[in-house]
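Peer 1: below is the sequence, then the predicted model.
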Amino acid sequence: MSLKIEQGEETKRQILKVARKLFGKNGYNNTSIEDIYSSLNLTRGALYHHFSGKKEIFYEMCRVYNHELVQELENWDWREFRKRWSETLDLTEDKNFVQIWIKDLASVLNAKEMSQLDEESIEKSITVLLEGAIRNGSIRKIPTKEASQMILGMLNQALLVLSELEGDSLLRSKKNFIKVMNLFLDSLES
């Protein structure tokens with residue numbers, strides 16, 4: 001890869017890194033294109049060389065963020081998933097995650113764009129995990145795509161609800177979400 005291409009890719013990564021920080025701290029609506037490029041000492045033209053606008057930056061940032069979230073999941077087998085899936089619920093403790101994924105995502109991206117983000121990373125990884133669990137006999141034969149969508153839907157709903165709670169209500173609901181998800185996962189096992 002040429003030096004110019006490498007520098008361009010690095011600039012793009014830096015734009016996404018700064019955008020993630022700003023979107024997480026200030027929210028999508030309170031972050032301007034100017035905030036992003038001025039934080040990097042870039043010109044408006046340099047930013048627009050890489051992205052057509054704020055929404056494209058947001059989408060790409062979400063795509064990269066999703067990829068980061070699933071990297072560890074891709075190495076799990078069914079037993080590891082059963083042991084660790086509930087760690088996902090701890091994301092509600094990350095204020096940047098809550099701002100981007102819970103508060104802003106549905107108002108910035110349309111349903112098709114959100115589905116596309118899920119399909120190409122998280123849903124795909126869960127589907128692969130379920131297919132492996134079927135092959136090794138950990139779970140019975142099920143429609144893996146739909147099962148992964150169910151699991152992802154339950155996780156997303158739990159994150160949405162938990163992000164609004166505090167104290168004892170948070171702890172009680174988190175415990176109950178874990179119980180319900182584990183009952184669902186138990187039902188898949190052979």
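Peer 2: Received it, and whenever you're ready, just let me know what you need.

Peer 1: just give me the neighbour total for F184.
Peer 2: 13 (other Cβ atoms under 10 Å). Every residue, glycine included, has its C-beta placed from N, CA and C.

Peer 1: and if you look at D94?
Peer 2: Counted by other Cβ under 10 Å, the residues lying close to D94 total 13.

Peer 1: which other helices and strands contact the biggest helix by length in the chain?
Peer 2: Using DSSP state H, we find that the single longest helix of the chain is helix 3-26. Applying 3 or more Cβ pairs under 8 Å, 6 or more residues apart in numbering; DSSP states H and E, one finds that helix 3-26 contacts helix 33-39, helix 44-50, helix 54-73, helix 95-97.

Peer 1: what about those helices, which gets the closest to V108?
Peer 2: helix 54-73 (5.4 Å; Cβ to Cβ).

Peer 1: buried residues, the longest helix of the chain. List them.
Peer 2: Buried residues in helix 3-26, counted by 16 or more other Cβ atoms under 10 Å: 11-12, 15-16, 18-20, 22-24.

Peer 1: ok, the residues you listed vs V108, which is closest?
Peer 2: When the buried residues of helix 3-26 are ranked by distance to V108 (Cβ to Cβ), F23 comes first, at 9.1 Å.

Peer 1: look up the pLDDT of the residue nearest the centre of the chain for me, please.
Peer 2: By Cα atoms, centre = their mean, the chain has its centre lying nearest to N66, at 3.8 Å. pLDDT, N66: 91.
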